[in-house]
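quick one, fold the following:
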Amino acid sequence: MDTEEGENRAFTAVCHGRKVLLEGEVAVMAESSSEAQDDAGSVEAGGYRQELKRTLGPFQVFAISFAFISVAVGIFATYDEVLLTAGPVGIWLWIVAAVGQTLVALVVAQFAARIPLSGSSYQWASRLANPKIGWWFGWLTFCYLAIGVVAVDNALASQAFMPLAGIDPDEDTARLITLVVLLVQTVPAVASTRLVSLINTVAVGLELALVVVVAVALVIAVAVTGDGSAGNLTSRGVVEHAPTTSRSAVG
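Numbers count the residues shown, from 1 in each chain. The predicted structure follows:
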């Protein structure tokens, strides 16, 4: 009897557990459905019907933004400028810039949350001001994106690919390679958003990993050699006694 009663209790506990689990899954599905309806309602409030599938996850969206802004490239591209003009103490300017950029990011995030429509600045300007101003914002955005992509691809061709491949500097060759790179970028972008997202996510993941490795390696190198000094954080280095001349004159 005791054994039978124990089995009954165990069976009841299992049934109760399954019921709780099922209720939890139903609640999650209901919450997800409610969020989707809220998002669709926001889109419809803007005068559109939601048609695009939201297939990108949080890290994939982050990866696209990270690649577009080129954080790592910007850091390495401006590091020498800071050392040449301000010295080691100039590193604190990055914190000031980071605060300002964070404020800009918060404003853009608020726009994206309140006006979740494809078109970014065009949609925001059209609704916050009027469609005419939105029209100008749209064309400005198109121009800087088109020019930016071509400029980056041309730099990739002339400054990276051609020297590595042993090709003599030639602008016509660089332009031809630029067209090929643009075609290679366009085909997967048109064919599959998921494919582009996968490629971009892998590339950004590798870039972040390399940045972390370099940062850790520098810390270890300073610790092992003993060449680091906290005084560098407040020093202008050799710049302090350098003659006041323009960088172009020095070059």
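
quick one: classify residue 151 as helix, strand or coil.
Following DSSP: H, G, I helix; E, B strand; the rest coil, we place residue 151 in the helix state.

tell me how many other residues crowd it.
Neighbourhood size, residue 151 [other Cβ atoms under 10 Å]: 11. Where C-beta positions appear, they are placed from N, C-alpha and C, glycine not excepted.

same check, this time on the one 5 residues further on
As a burial measure, the neighbour count of residue 156 was computed by other Cβ under 10 Å and equals 15.

mind listing what's buried in the helix or strand containing residue 187?
For residue 187, the host element (DSSP states H and E) is helix 171-191. Buried positions in helix 171-191, judged by neighbour count with 16 or more other Cβ atoms under 10 Å: 174, 177, 178, 181.

need the pLDDT of the second one.
pLDDT, residue 177: 94.

and the closest residue to it other than its chain neighbours, how far from residue 169?
Ranked by Cβ to Cβ, 6 or more residues apart in numbering and with sequence neighbours excluded, the top spatial neighbour of residue 177 is residue 157, at 3.8 Å. As judged by Cβ to Cβ, to the nearest Å, residue 157 and residue 169 stand 11 Å apart.

what does residue 163 give?
Shown here: residue 163 relative to residue 169, a distance of 8 Å by Cβ to Cβ.

what's the answer for residue 209, then?
Distance of residue 209 to residue 169, given as Cβ to Cβ: 33 Å.

what about the helices in the stretch 51-200 of the chain?
58-69, 71-85, 92-114, 121-128, 131-155, 162-165, 171-191, 193-225 (DSSP state H, counting those that start in this stretch).

give me phi/psi at residue 226?
phi 70, psi 20 (degrees, to the nearest 10).

run a quick neighbour tally on residue 205.
For residue 205, using other Cβ under 10 Å, the count is 13.

next: residue 122.
Residues near residue 122, counting by other Cβ under 10 Å, number 21.

tell me who's in contact with it.
Residues in contact with residue 122 (Cβ atoms under 8 Å, 6 or more residues apart in numbering) are 134, 135, 137, 138, 141.

which regions of the protein sit below the pLDDT cut-off?
Across the chain, the ranges flagged by pLDDT under 70 are 1-55, 73, 76-77, 241-251.

that older thread, which one's more surrounded, residue 157 and residue 169?
Shown here are residue 157 and residue 169; by other Cβ under 10 Å, residue 157 has more neighbours (22 against 10).

returning to that earlier point: neighbour count added to the contacts of residue 122, as a markdown table?
Output for the contacts of residue 122, formatted as a markdown table (neighbours: other Cβ atoms under 10 Å):
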| residue | neighbour count |
| --- | --- |
| 134 | 19 |
| 135 | 13 |
| 137 | 19 |
| 138 | 18 |
| 141 | 15 |
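
can I get those in CSV with distance to residue 86?
As requested, the contacts of residue 122 are exported to CSV (distance: Cβ to Cβ, whole Å):
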residue, distance to residue 86
134, 40
135, 41
137, 35
138, 38
141, 33
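
rewinding a little: let me know the closest of the buried residues of helix 171-191 to residue 87.
residue 174 (35.7 Å; Cβ to Cβ).

I am finished for the moment; much appreciated.
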